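Asker: Kindly return the folded structure for what I paste below:
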Amino acid sequence: MSDGFNGFPPEAFRFFTDLAKHNNRDWFQAHKDVYEQACREPMKALMAALDPPLVAGRLSRINRDMRFARGREPYKNHLAAGVRGNYVSLSAQGLYVGGGLYRPEPPVLRQLREAIAADASGAALQKIVGTLRRQGYTVSTHEASAAPPRGYDADHPRVRLLKMKDIHAGRLFEPAAWLSTPKALGRVAKAMKDIEPFNDWIKKHVAGRQVGR
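Answerer: Numbering: from 1, shown residues only. Have a look, this model is predicted:
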């Protein structure tokens, strides 16, 4: 592989498609070179290009610790990295770029909801969310309450945000020819720039664990 980020080759997406069908150690070991050269090395190059001081940054392991994941497949169906407070994930579906607050503990969730409910900070977040959605980004949650949280009315102007148990914003870039070229760097950098106000709002108002940190 040449120096610098040159995109993710088509083999990267095929690797994860095939891994879903053959998620076992023998298959992975036989295809480990593809994983290293088509997935892991390009991801490391992307991280270094986006944040040179990090070089390798924060790159997840693809294998699960089976001591804590009994009954699950031994390998994850994606390769994830944390870059400058953002989350980047490579999978068969493409390349996801996003940020947010991931499954916070109850005290942090309360802090998030208080910031959403407050007039000034809540209105600011609602404006950011609206802008991102108009730009084609998804703003969602891994889990939402069926009813408004205790202490909040059903007619609160931001009740949908209040029901969220965490919050994330991002975009999935589906496999395409440009993802296998250096042009992918500009697209990813732009997505991170677009999401920056969302991440900054969380940093300012919530003291929890952000994705990509």
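
Asker: Domain map for the chain?
Answerer: 10-81, 98-205 (automatic domain parsing).

Asker: could those domains go into TSV alongside distance to residue 87?
Answerer: In short, each C-beta sits where N, CA and C put it, glycine included. Output for those, formatted as TSV (distance: least, CB to CB, whole Å):
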stretch	distance to residue 87
domain 10-81	7
domain 98-205	5
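
Asker: among these, where is the model least confident on average?
Answerer: Across these, domain 10-81 has the smallest mean pLDDT, namely a mean of 88.

Asker: where along this protein do the helices fall?
Answerer: 10-21, 25-30, 32-34, 41-50, 106-117, 119-134, 159-162, 183-205 (DSSP state H).

Asker: about what we covered before: mind checking which of the domains of the chain is nearest residue 92?
Answerer: Checking the domains of the chain against residue 92 by CB to CB gives domain 10-81 as the closest, at 3.9 Å.

Asker: Make CSV out of the domains of the chain and add distance to residue 92 and mean neighbour count.
Answerer: Below are these laid out as CSV (distance: least, CB to CB, whole Å; neighbours: other CB atoms under 10 Å):
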stretch, distance to residue 92, mean neighbour count
domain 10-81, 4, 15
domain 98-205, 8, 16
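
Asker: Of these, which is nearest residue 88?
Answerer: Using CB to CB, the nearest of the domains of the chain to residue 88 is domain 10-81, at 4.7 Å.

Asker: Please name the nearest non-neighbouring residue to residue 183.
Answerer: Among residues not flanking residue 183 along the chain, residue 7 sits closest, at 7.2 Å (CB to CB, 6 or more residues apart in numbering).

Asker: Return the residues in contact with that neighbour.
Answerer: Residues near residue 7 by CB atoms under 8 Å, 6 or more residues apart in numbering: 42, 178-185.

Asker: for residue 22, same thing?
Answerer: By CB under 8 Å, 6+ apart, the neighbours of residue 22 are residue 28.

Asker: Phi, psi for it please.
Answerer: phi -130, psi 60 (degrees, to the nearest 10).

Asker: Ok, residue 74 next?
Answerer: With angles defined as degrees, to the nearest 10, residue 74 sits at phi -70, psi -20.
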